[in-house]
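Engineer: Fold the stuff below for me.
(chains A and B)
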Amino acid sequence: MLDIQYIKQNPDKVAERSLQKGYKVDIATLLKVDDKRRQLLSEIDGLRRQRNSATESIKGRRPSEEELTQGRVIKDQLASKESEYRQIEEDFIIRLKSVPNMPLDDVPVGLTEDENQVAKTVGDKPEFAFEPLSHHVLGEKRDFIDKIRAAKISGSRFAYLKNDLVKLQFALISFVIGTLTNPEVIAKLIKDNGLKLDPRPFIPILPPAMLRTAPYQASARLNAEEVTYKIEQDDLWLNASAEHTLCTMYMDEIIPEDQLPLRFIGYSTSFRREAGTYGKDVEGILRMHQFDKLEMEVLSSPETGLDEHKLAVAIQEHLVNALGLPYQLIRKCTADIGKPNATGIDINTWFPSQNTYRETHTADYMTDYQSRDLKIRLKRTDANVEFIHTNDATAFALGRIMAAIMENYQTADGHVIVPDVLRSYMGNQEQI
RNA sequence: GGAGAGGUGCAAGAGUGGUUGAAUUGGCUUGUCUCGAAAACAAGUGUGCCGUAACCCGGUACCGAGGGUUCGAAUCCCUCCCUCUCCGCCA
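Structural biologist: Here you go, the predicted model:
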């Protein structure tokens, strides 16, 4: 959520910037509710003060009838004020949480994703002397992907991945973990991009795949209806990305400044209901209920947050470039960056069979919007406590990136050339 | 799944209804001392909210979480979560 003090000081700006993201928020009512809330709070504090001083004056002796009566009066008043306060506060929190994060000033203003900007286009599209197959035709032909049997067992949007495609996935995982835990790679990317950041490498993480309602809600990323599976019986949600269990890891903690930045590269199977996407991407493995993903998550100081975002994007480009895939870097406009994000970049990778670039990566910078909910703070060396900034970014969504590899590297006889950087992880296999 | 024991500050650990936001010890910070360090001594050492834009200050809340009883709750009651021990089951 946003800082109420900030909203109080910049009501018009907050309303305007929210609208640019497609959120119509009633700031006037929010501030009115906040006034009422604080008014009640100080009344409650006053009553408690009376109660406390009465208690102190009674100390160890038996209270008189008069004191008992007076105490009951205070108790009743408190009970009524407190119940009123709870209602007001609930309303206040709902209203406060409905305000999206403010986009950074350089985020393009746009009301639909059509107004996203192509920041750059990188790499040469492959030229084929034959009609390139879609990844799902190729996948079926080579017995890499079996969705028919998966549908029998688990339903639509599930797949058995098989044979060399499985080896390719493990190669990709090893490649990413190896790259992001290598301090020299991180240092070089920081230097090449002119960033002022600590060069420490990413910490590899295998996080839990399920989490409770409270942390999920606090992550500001719970979209129960459309995205996430719930296990009712146990009050657990299947994570929709490693991000959910990574950003919540330090919930309610105060981190000493010198421990930041905390950079994590998490691997997790991700589960998504994909409600409302009927008919979209039904073929192949671009949009599944279950897929594996490597996700970067960075907790940092406020002053380095934006550079961490730039580093994440630089890493994404480094990874996609290493695979030799053509891509576009997309600056998402205000309507598309998402509620908790201050800025966001997508990478869209070339899919020859669709003759288009498809989203394979996203990088989101949340400033302190997420950490305020999660209560993740840093302690400065001078003892000041502030909210940290958070970044998350895709390293590889494995299904989509393998689909891209299959399509871009296919041969006339239906094989797939293994990108150079992955071969050492596959027993130097040159094609699958 | 069954039986039992627990959860208090940075750490250990006291506290079973009233000057307990919390003893004591250790850690850490600062100061005195010292060429410097150690030792000793002294002081300090949590987070949030409100007053308030900020500091100081004042008020208030927080002893796993949430409810309840009471004039008054870390302490009593209820529900939940977590940890440990034993049994069972299991990759």
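Engineer: going forward, measure contacts between C-alpha atoms and count neighbours the same way
Structural biologist: Noted.
Engineer: And the helix or strand bottoming out on mean pLDDT in chain A, what's buried?
Structural biologist: The helix or strand of chain A with the poorest confidence is helix A:213-218; it has a mean of 82 (mean pLDDT, DSSP states H and E). The neighbour-count check on helix A:213-218 (16 or more other Cα atoms under 10 Å) flags A:215-218 as buried.
Engineer: Kindly report the same for stretch A:316-334.
Structural biologist: Residues A:316-320, A:323-334 are the ones in stretch A:316-334 that count as buried (16+ other Cα under 10 Å).
Engineer: if we can go back for a sec, out of the buried residues of helix A:213-218, flag the one nearest to RNA strand B.
Structural biologist: residue A:215 (11.6 Å; Cα to the nearest atom of the strand).
Engineer: Can you give me the distance of the closest residue to that closest one other than its chain neighbours to RNA strand B?
Structural biologist: Sequence neighbours aside, residue A:248 is the residue nearest to residue A:215 in space, at 6.3 Å (criterion: Cα to Cα, 6 or more residues apart in numbering). Applying Cα to the nearest atom of the strand, to the nearest Å, the value for residue A:248 to RNA strand B is 15 Å.
Engineer: where does the stretch 1-150 of chain A dip in pLDDT?
Structural biologist: Within the stretch 1-150 of chain A, the segments meeting pLDDT under 70 span A:59-60.
Engineer: how about the strands in it?
Structural biologist: Counting by DSSP state E, counting those that start in this stretch, one finds strands in the stretch 1-150 of chain A at the ranges A:117-122, A:145-146.
Engineer: any idea which of the ones you listed is most buried?
Structural biologist: Using mean count of other Cα atoms under 10 Å, the stretch among those with the largest mean neighbour count is strand A:145-146, at a mean of 21.
Engineer: thinking again about what came up before, next step: the buried residues of stretch A:316-334 restricted to helices.
Structural biologist: With helices taken from DSSP state H, the overlap with the buried residues of stretch A:316-334 comprises A:316-320, A:323.
Engineer: Keep those residues, but drop any that are not near RNA strand B.
Structural biologist: Contacts with RNA strand B are made by none of these, judged by Cα under 7 Å from any atom of the strand.
Engineer: Tell me which two of the residues you listed sit farthest apart.
Structural biologist: For those, the farthest-apart pair by Cα to Cα is A:316 and A:323; their separation is 11.0 Å.
Engineer: pLDDT value on the residue lying closest to residue A:200 once chain neighbours are set aside, please?
Structural biologist: In this structure, residue A:200 finds its nearest non-sequential neighbour in residue A:183, 5.9 Å apart by Cα to Cα, 6+ apart. In this model, residue A:183 is scored at 95, pLDDT.
Engineer: still on that earlier bit, what comes into contact with the least confident helix or strand of chain A?
Structural biologist: By Cα atoms under 8 Å, 6 or more residues apart in numbering, the surrounding residues in contact with helix A:213-218 are A:222, A:235-237, A:244, A:248, A:251, A:370, A:373-374.
Engineer: Of those, which belong to strands?
Structural biologist: The strands, defined by DSSP state E, take in A:236-237 from the contacts of helix A:213-218.
Engineer: Can you say which of the contacts of helix A:213-218 are buried?
Structural biologist: The neighbour count (16+ other Cα under 10 Å) marks A:222, A:236-237, A:244, A:248, A:251, A:370, A:373-374 as buried among these.
Engineer: What values do phi and psi take at residue A:275?
Structural biologist: Main-chain torsions, residue A:275, degrees, to the nearest 10: phi -70, psi 140.
Engineer: Residue A:193: how many residues sit nearby?
Structural biologist: Residue A:193 has 12 neighbours, counted by other Cα atoms under 10 Å.
Engineer: Format the strands of the stretch 1-150 of chain A as TSV; extra columns: distance to residue A:192.
Structural biologist: As requested, the strands of the stretch 1-150 of chain A are exported to TSV (distance: least, Cα to Cα, whole Å):
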stretch	distance to residue A:192
strand A:117-122	17
strand A:145-146	39
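Engineer: Any idea which of these gets closest to residue A:31?
Structural biologist: Residue A:31 lies closest to strand A:117-122 among the strands of the stretch 1-150 of chain A, at 35.1 Å (Cα to Cα).
Engineer: Residue A:83: neighbouring residues, count only.
Structural biologist: Neighbour tally, residue A:83, other Cα under 10 Å: 11.
Engineer: same deal with residue A:9?
Structural biologist: 10.
Engineer: now swap in residue A:1 and tell me
Structural biologist: If you count neighbours by other Cα under 10 Å, residue A:1 ends up with 23.
Engineer: so what's it up against?
Structural biologist: So residue A:1 contacts A:96-97, A:99-101, A:220, A:340, A:369-370, A:372-373 (Cα under 8 Å, 6+ apart).
Engineer: quick one: which of these sit in helices?
Structural biologist: Among the contacts of residue A:1, the members falling in helices (DSSP H) are A:96-97, A:369-370, A:372-373.
Engineer: Out of these, which two are the most distant from each other?
Structural biologist: Farthest pair in the ones in helices among the contacts of residue A:1 (Cα to Cα) is A:96 and A:370. Separation: 13.0 Å.
Engineer: Could you list which residues are in contact with the single nearest residue of the stretch 251-400 of chain A relative to RNA strand B?
Structural biologist: Using Cα to the nearest atom of the strand, the closest approach of the stretch 251-400 of chain A to RNA strand B is made by residue A:385 at 5.3 Å. By Cα under 8 Å, 6+ apart, residue A:385 lies in contact with A:254, A:377-379.
Engineer: mind redoing it with 6 Å?
Structural biologist: Counting by Cα atoms under 6 Å, 6 or more residues apart in numbering, residue A:385 touches A:378-379.
Engineer: likewise residue A:349?
Structural biologist: Applying Cα under 6 Å, 6+ apart to residue A:349 gives the contacts A:326-327, A:357-358.
Engineer: Checking my notes, it in a strand, right?
Structural biologist: Yes. Secondary structure of residue A:349 (DSSP: H, G, I helix; E, B strand; the rest coil): part of a strand.
Engineer: What residues are bridge-paired with the spatially closest residue to it that is not a sequence neighbour?
Structural biologist: Excluding the flanking residues, the one nearest residue A:349 by Cα to Cα, 6+ apart is residue A:327, at 4.2 Å. Here residue A:327 sits in beta bridges with residue A:122, residue A:349, as judged by DSSP bridges.
Engineer: now do residue A:397
Structural biologist: residue A:293.
Engineer: Same question for residue A:268.
Structural biologist: Under the criterion used (DSSP bridges), residue A:268 bridges to residue A:293.
Engineer: mind checking pLDDT for it?
Structural biologist: Here, the pLDDT recorded for residue A:268 equals 93.
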